[in-house]
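> predicted model follows, preceded by the sequence.
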Amino acid sequence: MSCVEKIYENGEAVYRDCHTGAPAAAHMPETGPGTELKTLLKDWFGIVSNLSCSCNAMAKKMDANGPEWCQGPGMPEILKAMRTEHSKRRAKRETILPWSETGAKWLVRVACQRAKSVG
């Protein structure tokens, strides 16, 4: 089974091989709380994943483990990944948003609710 990730380049979704970064020939539709969180971050804040961040790997883990894991035992791991990525982007001046633990938890919960409503 190949590993394909959806990233955004120039505002458009692009599917790439997780290991090589090469364009993927085919992809499976993604769904789940990780995919929903990436969509929320992009649509509401203009924050997109790239090949150098851990966002795609965490989104896949969230999708695989589901909303219950994300809102329960997985929440500390998700928040740590979000906080780390925020710090990197803040240091590079790629975001002016302040870090908010409460806000990040809320975003994860909204993503989980959206994933549950999608199916």
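Received, thanks. Predicted model, so just to flag it, every value in this text is computed and none were measured.
> list the buried ones in the helix or strand where Asp43 lies?
According to DSSP states H and E, Asp43 maps onto helix 33-45. With burial defined by 16 or more other Cβ atoms under 10 Å, the residues of helix 33-45 counted as buried are Pro33, Gly34, Thr35, Glu36, Leu37, Lys38, Leu40, Leu41. Every C-beta, even on glycine, is put in place using the N, C-alpha and C of the backbone.
> want to try CSV for the residues you listed, with distance to Leu107 as columns?
Formatted as CSV, the buried residues of helix 33-45 follow (distance: Cβ to Cβ, whole Å):
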residue, distance to Leu107
Pro33, 10
Gly34, 12
Thr35, 13
Glu36, 10
Leu37, 6
Lys38, 11
Leu40, 6
Leu41, 7
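> quick one: which of those is nearest Gln71?
If you rank the buried residues of helix 33-45 by distance to Gln71 using Cβ to Cβ, Pro33 comes first, at 8.4 Å.
> gap between the closest one and Ala81?
Note on Pro33: its distance to Ala81, by Cβ to Cβ, to the nearest Å, is 13 Å.
> can you mark which positions in the helix or strand hosting Glu5 are buried?
Assigned by DSSP H and E, Glu5 belongs to strand 4-9. Buried residues in strand 4-9, counted by 16+ other Cβ under 10 Å: Val4, Glu5, Lys6, Ile7.
> and the least confident of these?
Within the set of the buried residues of strand 4-9, pLDDT is lowest for Val4 (71).
> isn't that residue up against Asp17?
Yes. Contact status for Val4 versus Asp17: in contact at 6.5 Å, counting by Cβ atoms under 8 Å.
> what's across from Tyr12 in the sheet?
Quick fix: residue 12 reads Glu, not Tyr. Beta bridges link Glu12 to Glu9 when assigned by DSSP bridges.
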